[in-house]
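In: Structure, please.
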Amino acid sequence: MNTPLISIIIPVYKAEKYLHCCVDSVLAQSFTNFELILIDDGSPDNSGTICDEYAKQDRRIKVFHQENQGVSAARNLGIEQAKGEWIAFIDSDDWVENTMYEEMYHAVSLANADIAGCNFWEILPTHASVINTFYTSQSLFLADIISSNWGVVWKLLIKKYLFTDYKIRFPQNLNGGEDYLVCVQLLVKAKQTICINKPLYHYNRCNGQSIITTSTLTNTYDQIKATDLVIYFLQKEGLLEKFSSEIKIRQFHAKLPLLTQNPKEWKKLYPQSNFLYKELLNSPKSKLFAFLLLHCNSSLINFFYKRLIKPKAI
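Out: From the prediction side, this is the model:
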């Protein structure tokens with residue numbers, strides 16, 4: 001097989017219900033010069049067997065089996081094994097439009113860009129909607145990611161040198177926020193980015209086992225750790241002052257689940273971001289909630305939080 005232009009990496013764990021849809025959407029791509037790297041992360045169901053069956057059918061598919069180490073370790077293995085000039089990621093319960101990689105490769109080629117992004121469909125149990133993540137400049141792209149708006153790698157096509165030259169990898173000690181950290185690092189190091197104003201990815205939120213669907217206290221603290229790592233990274237790059245407002249927004253969102261998980265800690269953590277409640281909570285009911293944030297006890301905060309506010313996806 002000739003050297004592929006794009007390496008598409010899919011970490012696989014407990015995905016037997018969705019894996020056929022995911023892999024079939026890749027094999028249906030109008031762009032054919034790719035390799036598909038399936039990382040079976042010690043899945044206890046039939047996912048590993050399904051991966052092996054696909055590899056027998058198509059020479060472009062490579063399968064690697066490892067003991068369960070988490071999505072970051074699986075993605076990192078995929079990066080190490082990738083032969084393509086470009087890298088893309090798909091979650092195993094999602095799927096892509098059949099022109100996704102043709103359109104994204106065309107876009108980066110025309111713009112001489114290192115990263116392409118696109119809009120996407122968010123699939124919920126009751127409906128689906130298009131999420132607009134189109135930006136007219138790299139600075140706006142980076143600012144929105146830093147402020148906690150869909151810092152995810154699966155809507156990107158990324159030139160591999162960004163991972164190899166700058167030693168960017170997914171942190172294996174985080175179970176939340178790993179995409180956020182990596183996206184910020186990639187966008188800072190990229191020489192040029194381009195966005196396609198079209199939904200090309202289908203993000204499936206009907207899987208009750210996903211991290212975003214089932215947020216835990218550990219996940220919340222990992223989001224907070226990722227926020228601190230981004231602050232440290234931006235400081236090293238001399239960009240912290242430029243994006244100080246976006247960091248405060250991120251801090252607010254990263255700690256927001258603590259309102260139900262550990263309200264006392266919420267008050268203490270990132271106090272510089274607390275002013276945002278006035279800007280973010282505008283309805284009469286939310287103004288009452290905003291008052292409770294700063295003046296009332298934990299049980300009342302929990303009671304009103306669950307009825308008035310839903311945390312933004314990060």
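In: show me what contacts the nearest residue to P171 once chain neighbours are set aside?
Out: Among residues not flanking P171 along the chain, E178 sits closest, at 5.5 Å (CB to CB, 6 or more residues apart in numbering). Bear in mind the C-beta positions are built from the backbone N, C-alpha and C, glycine included. By CB atoms under 8 Å, 6 or more residues apart in numbering, E178 lies in contact with 71-72, 170-171, 222, 226.
In: let's see 7 Å
Out: 72, 170-171, 226 (CB atoms under 7 Å, 6 or more residues apart in numbering).
In: Please apply the same query to V108.
Out: Contacts of V108 by CB under 7 Å, 6+ apart are 116, 157, 194.
In: Tell me the buried residues within those.
Out: 116, 157, 194 (16 or more other CB atoms under 10 Å).
In: In strands, which of the residues you listed fall?
Out: 116, 157, 194 (DSSP state E).
In: would CSV of the buried ones among the contacts of V108 with distance to E102 and pLDDT be doable?
Out: Output for the buried ones among the contacts of V108, formatted as CSV (distance: CB to CB, whole Å; pLDDT from 0 to 100):
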residue, distance to E102, pLDDT
A116, 11, 98
L157, 11, 98
I194, 14, 98
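In: Ramachandran angles for S25?
Out: Recorded main-chain torsions at S25 are phi -70, psi -30, according to degrees, to the nearest 10.
In: Give me the local confidence score for it.
Out: Predicted confidence (pLDDT) for S25: 98.
In: same check, this time on K285
Out: So K285 comes in at 55 (pLDDT).
In: got any ranges where the stretch 101-250 of the chain has weak pLDDT?
Out: 208-215 (pLDDT under 70).
In: All the strands of it, in order from the start?
Out: 115-123, 128-131, 156-159, 193-204 (DSSP state E, counting those that start in this stretch).
In: Distance to P263 added to the ones in strands among the buried ones among the contacts of V108, as TSV?
Out: Listed next are those as TSV, based on distance: CB to CB, whole Å:
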residue	distance to P263
A116	41
L157	41
I194	42
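In: hang on, the earlier thing: any idea which of the contacts of E178 has the most stuff around it?
Out: For those, the largest number of neighbours (other CB atoms under 10 Å) sits with A226, at 24 neighbours.
In: is it true that that residue touches D179?
Out: No: counting by CB atoms under 7 Å, A226 does not reach D179; the two are 8.7 Å apart.
In: re the thing from before, let's have the contacts of E178 in JSON lines, adding distance to L200.
Out: Below are the contacts of E178 laid out as JSON lines (distance: CB to CB, whole Å):
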{"residue": "S72", "distance to L200": "24"}
{"residue": "F170", "distance to L200": "22"}
{"residue": "P171", "distance to L200": "27"}
{"residue": "A226", "distance to L200": "26"}
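In: Hmm, E102 is touching F31, no?
Out: Yes: using CB under 7 Å, E102 is in contact with F31, at 3.9 Å.
In: what is in contact with these two at once?
Out: With CB under 7 Å, 6+ apart as the test, E102 and F31 reach no residue in common.
In: dump the residue contacts of the residue nearest to K191 when sequence neighbours are not counted.
Out: Distances taken as CB to CB, 6+ apart place D114 nearest to K191, at 5.5 Å, with adjacent residues excluded. Residues in contact with D114 (CB under 7 Å, 6+ apart) are 159, 162, 190-193.
In: quick check, nearest of these to F134?
Out: If you rank those by distance to F134 using CB to CB, T193 comes first, at 11.5 Å.
In: Tell me how many other residues surround that closest one.
Out: Residues near T193, counting by other CB under 10 Å: 24.
In: can you pull out the helices in the protein?
Out: 19-27, 47-57, 71-81, 100-111, 138-146, 161-165, 178-189, 217-236, 244-255, 258-261, 263-268, 276-280, 284-295, 298-308 (DSSP state H).
In: what does the first one contact?
Out: I take that to be helix 19-27. Outside helix 19-27, the residues that reach it (CB under 7 Å, 6+ apart) are 8, 10, 12, 36, 47, 50, 54, 58, 90, 92-96, 98.
In: Any of those buried? List them.
Out: So, by 16+ other CB under 10 Å, the buried ones in the contacts of helix 19-27 are 8, 10, 12, 36, 47, 50, 54, 90, 92-96, 98.
In: Show the pLDDT at F275.
Out: For F275, the model assigns a pLDDT of 69.
In: what's the answer for H253, then?
Out: 85.
In: And the residue lying closest to it once chain neighbours are set aside, how close does it get to G70?
Out: Among residues not flanking H253 along the chain, S148 sits closest, at 4.3 Å (CB to CB, 6+ apart). Here S148 is placed at a distance of 22 Å from G70 (CB to CB, to the nearest Å).
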